[in-house]
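**Q** With the input below, show me the fold.
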Amino acid sequence: MAALLLGAVLLVAQPQLAPSRPAATPGAEPDQPEVAQKTGTLQEDSRGSGARNGSVQQLPQTIIIGVRKGGTRALLEMLSLHPGVAAAENEVHFFDWEEHYSQGLGWYLSQMPFSSPRQLTVEKTPAYFTSPKVPERVHSMNPAVRLLLILRDPSERVLSDYTQVLYNHVQKRKPYPAIEQFLLRGGRLNADYKALNRSLYHEHLRRWLHFFPLRRIHIVDGDRLIRDPFPEIQKVERFLKLSPQINASNFYFNKTKGFYCLRDSGRDRCLHESKGRAHPHVDPKLLNKLHEYFHEPNKKFFELVGRTFDWH
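**A** This next block holds a predicted model:
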(Lines give C-alpha, C1' and ligand atoms only; values in the text may rest on other atoms or scores of the structure.)
Protein backbone atom coordinates (compact mmCIF):
# COMPACT_ATOMS: atom_id res chain seq x y z
CA MET A 1 0.00 0.00 0.00
CA ALA A 2 2.85 2.39 0.85
CA ALA A 3 4.38 1.73 -2.54
CA LEU A 4 1.09 2.53 -4.27
CA LEU A 5 0.73 5.79 -2.32
CA LEU A 6 4.32 6.82 -3.18
CA GLY A 7 3.68 6.13 -6.87
CA ALA A 8 0.53 8.25 -6.83
CA VAL A 9 2.36 11.14 -5.19
CA LEU A 10 5.15 11.03 -7.81
CA LEU A 11 2.60 10.93 -10.64
CA VAL A 12 0.84 14.03 -9.34
CA ALA A 13 4.09 15.87 -8.68
CA GLN A 14 5.48 15.20 -12.19
CA PRO A 15 5.64 18.50 -14.18
CA GLN A 16 3.32 18.72 -17.15
CA LEU A 17 5.10 19.19 -20.49
CA ALA A 18 3.84 22.08 -22.59
CA PRO A 19 3.21 21.24 -26.25
CA SER A 20 6.08 22.36 -28.46
CA ARG A 21 5.51 25.20 -30.95
CA PRO A 22 7.68 27.23 -33.29
CA ALA A 23 9.29 30.32 -31.83
CA ALA A 24 7.30 33.48 -32.47
CA THR A 25 8.25 35.25 -35.65
CA PRO A 26 10.32 38.36 -34.83
CA GLY A 27 8.18 41.44 -35.41
CA ALA A 28 4.98 39.48 -36.00
CA GLU A 29 1.80 41.26 -35.03
CA PRO A 30 -0.23 39.46 -32.35
CA ASP A 31 -3.41 39.41 -34.43
CA GLN A 32 -1.70 37.81 -37.40
CA PRO A 33 -1.41 34.05 -37.94
CA GLU A 34 2.00 32.46 -37.76
CA VAL A 35 3.48 30.46 -40.61
CA ALA A 36 1.14 27.65 -41.60
CA GLN A 37 1.43 24.54 -39.45
CA LYS A 38 2.94 22.51 -42.29
CA THR A 39 5.99 24.78 -42.22
CA GLY A 40 6.49 24.01 -38.54
CA THR A 41 6.99 20.36 -39.44
CA LEU A 42 9.55 21.32 -42.06
CA GLN A 43 11.45 23.40 -39.54
CA GLU A 44 11.45 20.55 -37.02
CA ASP A 45 12.90 18.25 -39.71
CA SER A 46 15.69 20.74 -40.47
CA ARG A 47 16.56 21.03 -36.79
CA GLY A 48 16.91 17.29 -36.52
CA SER A 49 19.10 16.83 -39.58
CA GLY A 50 21.03 20.02 -40.16
CA ALA A 51 21.02 22.26 -37.07
CA ARG A 52 24.39 23.52 -35.88
CA ASN A 53 25.20 25.76 -32.91
CA GLY A 54 21.49 26.04 -32.18
CA SER A 55 20.71 27.53 -35.59
CA VAL A 56 17.99 26.35 -37.94
CA GLN A 57 16.72 27.03 -41.43
CA GLN A 58 13.54 29.06 -41.32
CA LEU A 59 11.09 30.11 -43.98
CA PRO A 60 11.54 33.85 -44.64
CA GLN A 61 9.58 36.26 -42.47
CA THR A 62 10.57 39.03 -44.91
CA ILE A 63 10.85 38.94 -48.70
CA ILE A 64 12.30 41.60 -50.99
CA ILE A 65 9.86 41.19 -53.87
CA GLY A 66 11.37 43.64 -56.33
CA VAL A 67 11.68 45.50 -58.50
CA ARG A 68 14.24 44.31 -61.06
CA LYS A 69 17.06 46.89 -61.41
CA GLY A 70 15.55 48.86 -58.55
CA GLY A 71 18.39 48.26 -56.09
CA THR A 72 17.38 44.95 -54.51
CA ARG A 73 20.96 43.72 -54.11
CA ALA A 74 22.05 46.98 -52.47
CA LEU A 75 19.07 46.82 -50.11
CA LEU A 76 19.82 43.22 -49.14
CA GLU A 77 23.52 43.95 -48.54
CA MET A 78 22.68 46.97 -46.38
CA LEU A 79 20.06 45.07 -44.42
CA SER A 80 22.59 42.28 -43.84
CA LEU A 81 24.61 44.72 -41.73
CA HIS A 82 22.03 44.14 -39.00
CA PRO A 83 22.94 41.27 -36.65
CA GLY A 84 19.27 40.33 -36.42
CA VAL A 85 19.06 39.51 -40.12
CA ALA A 86 20.02 36.30 -41.93
CA ALA A 87 19.85 36.71 -45.71
CA ALA A 88 19.70 34.11 -48.45
CA GLU A 89 22.70 34.70 -50.70
CA ASN A 90 21.08 33.92 -54.05
CA GLU A 91 17.82 34.73 -55.76
CA VAL A 92 15.70 31.66 -55.04
CA HIS A 93 12.92 32.08 -57.66
CA PHE A 94 10.66 29.76 -55.70
CA PHE A 95 7.30 31.44 -56.26
CA ASP A 96 7.79 32.40 -59.92
CA TRP A 97 9.55 29.34 -61.40
CA GLU A 98 7.28 26.32 -61.75
CA GLU A 99 10.13 23.82 -61.55
CA HIS A 100 11.01 25.21 -58.12
CA TYR A 101 7.48 25.78 -56.81
CA SER A 102 6.45 22.24 -57.72
CA GLN A 103 9.06 20.91 -55.28
CA GLY A 104 7.18 22.41 -52.34
CA LEU A 105 8.04 24.33 -49.19
CA GLY A 106 10.56 21.72 -48.14
CA TRP A 107 12.74 22.64 -51.10
CA TYR A 108 12.24 26.36 -50.41
CA LEU A 109 13.25 25.89 -46.79
CA SER A 110 16.41 24.08 -47.86
CA GLN A 111 17.52 27.22 -49.75
CA MET A 112 17.39 29.40 -46.65
CA PRO A 113 20.43 30.31 -44.52
CA PHE A 114 20.92 28.92 -41.03
CA SER A 115 19.80 31.45 -38.45
CA SER A 116 19.07 31.77 -34.76
CA PRO A 117 15.42 31.78 -33.64
CA ARG A 118 15.73 35.50 -32.88
CA GLN A 119 16.88 36.43 -36.39
CA LEU A 120 14.75 37.42 -39.35
CA THR A 121 15.32 35.34 -42.46
CA VAL A 122 15.21 37.46 -45.62
CA GLU A 123 15.02 36.32 -49.23
CA LYS A 124 15.08 38.51 -52.32
CA THR A 125 13.94 37.71 -55.85
CA PRO A 126 13.09 40.87 -57.82
CA ALA A 127 11.06 38.97 -60.41
CA TYR A 128 8.39 38.28 -57.79
CA PHE A 129 6.89 41.77 -58.07
CA THR A 130 5.88 41.44 -61.72
CA SER A 131 4.93 37.74 -61.74
CA PRO A 132 1.11 37.37 -61.68
CA LYS A 133 1.01 34.09 -59.70
CA VAL A 134 3.38 35.12 -56.96
CA PRO A 135 1.20 37.26 -54.61
CA GLU A 136 -1.29 34.47 -53.95
CA ARG A 137 1.49 31.90 -53.51
CA VAL A 138 3.35 34.05 -50.99
CA HIS A 139 0.11 34.67 -49.10
CA SER A 140 -0.56 30.93 -48.96
CA MET A 141 2.85 30.40 -47.37
CA ASN A 142 2.45 33.12 -44.76
CA PRO A 143 -0.14 35.94 -44.80
CA ALA A 144 1.84 37.71 -42.07
CA VAL A 145 5.05 37.99 -44.10
CA ARG A 146 6.53 41.48 -44.43
CA LEU A 147 7.32 42.60 -47.95
CA LEU A 148 9.99 45.04 -49.13
CA LEU A 149 9.59 46.72 -52.51
CA ILE A 150 12.34 49.01 -53.77
CA LEU A 151 11.54 51.27 -56.72
CA ARG A 152 13.41 53.76 -58.88
CA ASP A 153 12.35 56.35 -61.42
CA PRO A 154 10.62 54.08 -63.98
CA SER A 155 12.46 55.64 -66.94
CA GLU A 156 15.84 55.08 -65.30
CA ARG A 157 14.80 51.55 -64.40
CA VAL A 158 14.06 50.81 -68.09
CA LEU A 159 17.52 52.02 -69.10
CA SER A 160 19.15 49.92 -66.36
CA ASP A 161 17.14 46.91 -67.48
CA TYR A 162 18.41 47.28 -71.03
CA THR A 163 21.98 47.93 -69.82
CA GLN A 164 22.08 44.68 -67.85
CA VAL A 165 20.98 42.60 -70.83
CA LEU A 166 23.38 44.48 -73.10
CA TYR A 167 26.39 43.72 -70.86
CA ASN A 168 25.35 40.08 -70.58
CA HIS A 169 25.56 39.85 -74.36
CA VAL A 170 28.85 41.77 -74.48
CA GLN A 171 30.43 39.36 -71.99
CA LYS A 172 29.40 36.46 -74.23
CA ARG A 173 30.64 38.37 -77.29
CA LYS A 174 27.18 38.37 -78.79
CA PRO A 175 25.71 41.31 -80.70
CA TYR A 176 22.76 43.17 -79.19
CA PRO A 177 20.54 45.82 -80.81
CA ALA A 178 20.57 49.45 -79.73
CA ILE A 179 17.93 50.42 -77.19
CA GLU A 180 16.02 52.43 -79.78
CA GLN A 181 15.15 49.20 -81.60
CA PHE A 182 13.36 47.95 -78.50
CA LEU A 183 11.77 51.18 -77.37
CA LEU A 184 10.41 52.40 -80.70
CA ARG A 185 7.96 50.89 -83.13
CA GLY A 186 6.67 53.01 -85.98
CA GLY A 187 7.97 56.16 -84.30
CA ARG A 188 6.04 55.46 -81.08
CA LEU A 189 7.04 53.75 -77.86
CA ASN A 190 6.74 49.99 -78.08
CA ALA A 191 4.30 49.08 -75.30
CA ASP A 192 5.15 45.39 -75.78
CA TYR A 193 8.74 45.89 -74.64
CA LYS A 194 9.00 43.94 -71.37
CA ALA A 195 11.25 46.51 -69.74
CA LEU A 196 8.52 49.12 -70.14
CA ASN A 197 5.91 46.82 -68.64
CA ARG A 198 8.06 46.14 -65.59
CA SER A 199 8.01 49.87 -64.82
CA LEU A 200 4.21 50.11 -64.74
CA TYR A 201 4.32 49.87 -60.98
CA HIS A 202 0.64 50.53 -60.29
CA GLU A 203 -0.48 47.51 -62.34
CA HIS A 204 1.78 45.08 -60.51
CA LEU A 205 1.13 46.52 -57.05
CA ARG A 206 -2.64 46.14 -57.46
CA ARG A 207 -2.19 42.37 -57.69
CA TRP A 208 -0.28 42.35 -54.41
CA LEU A 209 -2.91 44.50 -52.72
CA HIS A 210 -5.52 41.83 -53.48
CA PHE A 211 -3.72 39.65 -50.92
CA PHE A 212 -1.75 41.97 -48.64
CA PRO A 213 -2.74 45.28 -47.01
CA LEU A 214 -0.49 48.19 -47.85
CA ARG A 215 0.80 48.27 -44.26
CA ARG A 216 2.58 44.96 -44.93
CA ILE A 217 4.44 46.36 -47.96
CA HIS A 218 7.22 48.86 -47.29
CA ILE A 219 8.27 50.81 -50.37
CA VAL A 220 11.92 51.82 -50.39
CA ASP A 221 12.89 54.84 -52.49
CA GLY A 222 15.69 53.35 -54.57
CA ASP A 223 16.89 56.72 -55.87
CA ARG A 224 17.27 58.05 -52.32
CA LEU A 225 18.93 54.83 -51.20
CA ILE A 226 21.65 55.51 -53.77
CA ARG A 227 22.08 59.18 -52.82
CA ASP A 228 21.78 58.87 -49.03
CA PRO A 229 21.32 55.27 -47.84
CA PHE A 230 21.23 55.67 -44.06
CA PRO A 231 17.79 57.36 -43.67
CA GLU A 232 16.20 54.82 -46.02
CA ILE A 233 17.65 51.83 -44.18
CA GLN A 234 16.46 53.31 -40.87
CA LYS A 235 12.90 53.22 -42.22
CA VAL A 236 13.37 49.58 -43.17
CA GLU A 237 14.57 48.75 -39.64
CA ARG A 238 11.45 50.37 -38.18
CA PHE A 239 9.15 48.57 -40.61
CA LEU A 240 10.68 45.20 -39.73
CA LYS A 241 10.59 46.11 -36.02
CA LEU A 242 14.31 45.58 -35.70
CA SER A 243 16.30 47.34 -33.01
CA PRO A 244 18.30 50.23 -34.52
CA GLN A 245 21.71 48.67 -35.13
CA ILE A 246 22.80 50.08 -38.50
CA ASN A 247 24.60 53.42 -38.20
CA ALA A 248 25.68 56.21 -40.53
CA SER A 249 29.26 55.02 -39.97
CA ASN A 250 28.37 51.82 -41.85
CA PHE A 251 28.31 53.80 -45.11
CA TYR A 252 31.03 55.71 -46.91
CA PHE A 253 31.05 57.32 -50.33
CA ASN A 254 33.50 55.75 -52.77
CA LYS A 255 34.58 58.53 -55.16
CA THR A 256 36.08 56.07 -57.63
CA LYS A 257 32.90 54.05 -58.00
CA GLY A 258 30.59 57.02 -57.57
CA PHE A 259 28.28 55.43 -54.99
CA TYR A 260 28.13 54.42 -51.35
CA CYS A 261 29.90 51.32 -50.08
CA LEU A 262 29.56 49.48 -46.78
CA ARG A 263 31.78 49.32 -43.71
CA ASP A 264 31.13 46.39 -41.40
CA SER A 265 33.30 45.72 -38.32
CA GLY A 266 36.18 47.61 -39.90
CA ARG A 267 35.87 45.74 -43.19
CA ASP A 268 35.00 47.72 -46.33
CA ARG A 269 33.01 46.20 -49.18
CA CYS A 270 31.31 47.53 -52.28
CA LEU A 271 28.70 46.08 -54.57
CA HIS A 272 29.81 44.04 -57.56
CA GLU A 273 31.25 45.95 -60.51
CA SER A 274 28.10 45.06 -62.47
CA LYS A 275 26.18 47.50 -60.24
CA GLY A 276 26.05 51.17 -61.12
CA ARG A 277 27.02 50.74 -64.78
CA ALA A 278 26.69 53.79 -66.99
CA HIS A 279 23.65 53.76 -69.26
CA PRO A 280 24.09 54.02 -73.02
CA HIS A 281 23.52 57.40 -74.58
CA VAL A 282 19.87 57.96 -75.41
CA ASP A 283 18.52 60.73 -77.61
CA PRO A 284 16.90 63.43 -75.41
CA LYS A 285 13.73 63.25 -77.53
CA LEU A 286 13.41 59.56 -76.75
CA LEU A 287 13.96 60.26 -73.06
CA ASN A 288 11.15 62.81 -73.18
CA LYS A 289 8.89 60.18 -74.75
CA LEU A 290 9.72 57.85 -71.88
CA HIS A 291 8.93 60.50 -69.30
CA GLU A 292 5.62 61.32 -70.99
CA TYR A 293 4.72 57.63 -71.24
CA PHE A 294 5.12 57.13 -67.50
CA HIS A 295 3.41 60.37 -66.43
CA GLU A 296 -0.09 58.92 -65.99
CA PRO A 297 1.03 55.50 -64.66
CA ASN A 298 3.13 57.29 -62.04
CA LYS A 299 0.15 59.40 -60.95
CA LYS A 300 -1.91 56.23 -60.51
CA PHE A 301 0.86 54.68 -58.46
CA PHE A 302 1.17 57.76 -56.22
CA GLU A 303 -2.58 57.68 -55.57
CA LEU A 304 -2.42 53.97 -54.81
CA VAL A 305 0.29 54.29 -52.15
CA GLY A 306 -0.60 57.74 -50.81
CA ARG A 307 2.83 59.28 -51.38
CA THR A 308 4.86 60.79 -54.19
CA PHE A 309 8.37 60.15 -55.49
CA ASP A 310 10.81 62.49 -57.18
CA TRP A 311 10.45 60.96 -60.62
CA HIS A 312 10.29 62.68 -64.00
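**Q** quick check, residue 304 in a helix?
**A** Yes - under DSSP: H, G, I helix; E, B strand; the rest coil, residue 304 sits within a helix.
**Q** Can you give me the neighbour number for it?
**A** Neighbours of residue 304 under the rule other CB atoms under 10 Å: 15. Yep, even glycine has a C-beta here, placed from its N, CA and C like the rest.
**Q** wait, doesn't it sit right on residue 200?
**A** No - applying CB atoms under 8 Å as the test, residue 304 and residue 200 come out as separate, 11.8 Å apart.
**Q** can you pull out the helices in the protein?
**A** 2-13, 37-50, 72-79, 98-101, 104-110, 134-141, 154-171, 179-183, 194-198, 201-209, 222-227, 229-239, 284-305 (DSSP state H).
**Q** Work out the gap between the shortest one and the centre of the chain.
**A** Spelled out, it's helix 98-101. Relative to its chain's centre, helix 98-101 lies at 19 Å (CA atoms, centre = their mean, to the nearest Å).
**Q** got a list of contacts for it?
**A** For helix 98-101, the external contacting residues (CB atoms under 8 Å, 6 or more residues apart in numbering) are 92-95, 107-108, 137.
**Q** and these, which two are the farthest apart?
**A** Farthest pair in the contacts of helix 98-101 (CB to CB) is 107 and 137. Separation: 13.5 Å.
**Q** Mind pulling the model confidence for residue 249?
**A** Per-residue pLDDT puts residue 249 at 95.
**Q** now swap in residue 278 and tell me
**A** We have a pLDDT of 79 for residue 278.
**Q** next one: residue 58
**A** So residue 58 comes in at 96 (pLDDT).
**Q** Can you pull out the low-pLDDT segments for the stretch 1-150 of the chain?
**A** Applying pLDDT under 70 to the stretch 1-150 of the chain flags the ranges 1-52.
**Q** Next: the stretch 201-312 of the chain.
**A** For the stretch 201-312 of the chain, the stretches flagged by pLDDT under 70 are 272-276.
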